[in-house]
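>>> Need coordinates for the below:
(chains A and B)
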Amino acid sequence: VQLVESGGDLVHPGESLSLSCVGSGFTFSSYWMTWVRQSPGKGLEWVANIHEYGSRENYLDSVKGRFTISRDNAKNSVYLLMNSLRPEDTAVYYCARDTSPERDGNYFDALDIWGQGTMVTVSS
Amino acid sequence: AIQMTQSPSSLSASVGDRVTITCRASQGIGTELAWYQQRPGKVPKLLIYAASSLETGVPSRFSGSGSGTTFTLTISSLQSDDFATYYCLQDSTYPRTFGQGTKVEIK
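Numbers count the residues shown, from 1 in each chain, chains lettered A, B, ... in the order given. Here you go, the predicted structure:
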């Protein structure tokens, strides 16, 4: 069971970049998927997630309208399209699987499998 | 967005010590909280979800408790593998928000 991200690069402010995350060893279409980022030397920041079939998406306020999360279950892949990039978007971007465990009729987030991360640097 | 505040931001402890980390939410979140461990240079690892449910394979010295606005992660007897940064994450509302992290260092 693993996730592998790719697509990180050095880009200029205002440019676009697309990240990919491929899952293997599990039924990809059964899980919500999440992107989390971590700026150098800083803490974790939740970025976005997407429903198993791509019917629902949620975003961090500061990326709403600039980033788009999507998935292709036939390719076991989740994507993060990032437009109008800013220096503050510089970070390692991780994708993670959410097992969404149920307890007493409620569903919870549980990011149990993480990729190794891909570095995005936004600088002039 | 709900703000998550962890305390302390860092602590020094010895192997065998009992360690408690607190996470406070700016509004009630029921039990919709998870804890993650991140060792230096490594990816985060899920420890606890639903405030108190231990993830499969996580040692029983880790435990979580709390509901509403105040939560705790307890390590009953600190081991060398446990020196890391710990984060809480609320999953009650969007956007999800992490605490700022608590770094557990060797005394």
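
>>> Next, the contact list for residue 30, please.
Went with chain A since none was named. A:E52 (CB atoms under 8 Å, 6 or more residues apart in numbering or on different chains). For glycine as for every other residue, the C-beta is placed from the backbone atoms N, C-alpha and C.

>>> I was after chain B.
Per CB under 8 Å, 6+ apart, neighbours of B:G30: A:N106, B:S67, B:G68, B:S92.

>>> try A:K42
A:A91.

>>> Let's see the pLDDT reported for it.
As predicted, A:K42 sits at a pLDDT of 97.

>>> in what helix or strand does residue 36 lie?
Using chain A. Element membership for A:V36 (DSSP states H and E) is strand A:32-38.

>>> sorry, should have said chain B
Assigned by DSSP H and E, B:Y36 belongs to strand B:33-38.

>>> For that strand, name the packing helices and strands.
strand B:19-25, strand B:45-49, strand B:62-67, strand B:85-90 (3 or more CB pairs under 8 Å, 6 or more residues apart in numbering or on different chains; DSSP states H and E).

>>> Ok, which of the ones you listed comes nearest chain A?
Ranking those by proximity to chain A (CB to the nearest CB) places strand B:45-49 first, at 4.0 Å.

>>> Sheet-wise, list the partners of the helix or strand that comes right after that closest one with their directions.
The element immediately downstream of strand B:45-49 (helix or strand, assigned by DSSP H and E) is strand B:53-54. Using DSSP bridges, the strands paired with strand B:53-54 are strand B:45-49 (antiparallel).

>>> What lies in contact with the partner strand?
Strand B:45-49 has contacts (CB under 8 Å, 6+ apart) with A:101, A:108-112, A:114, B:34-39, B:54-55, B:58, B:62-64, B:73, B:86.

>>> Show the average pLDDT along stretch B:59-75.
Taken as a whole, stretch B:59-75 has a mean pLDDT of 98.

>>> cool, and stretch B:82-93?
When pLDDT is averaged along stretch B:82-93, the result is 97.

>>> for stretch A:69-88, same thing?
What stretch A:69-88 shows for mean pLDDT is 98.

>>> end to end, how far does that stretch reach?
Stretch A:69-88 has an end-to-end distance of 19 Å (CA to CA, to the nearest Å).

>>> Next, the buried residues of that stretch.
Using 16 or more other CB atoms under 10 Å in any protein chain shown as the test for burial, stretch A:69-88 gives A:I69, A:R71, A:N73, A:N76, A:S77, A:V78, A:Y79, A:L80, A:M82, A:L85.
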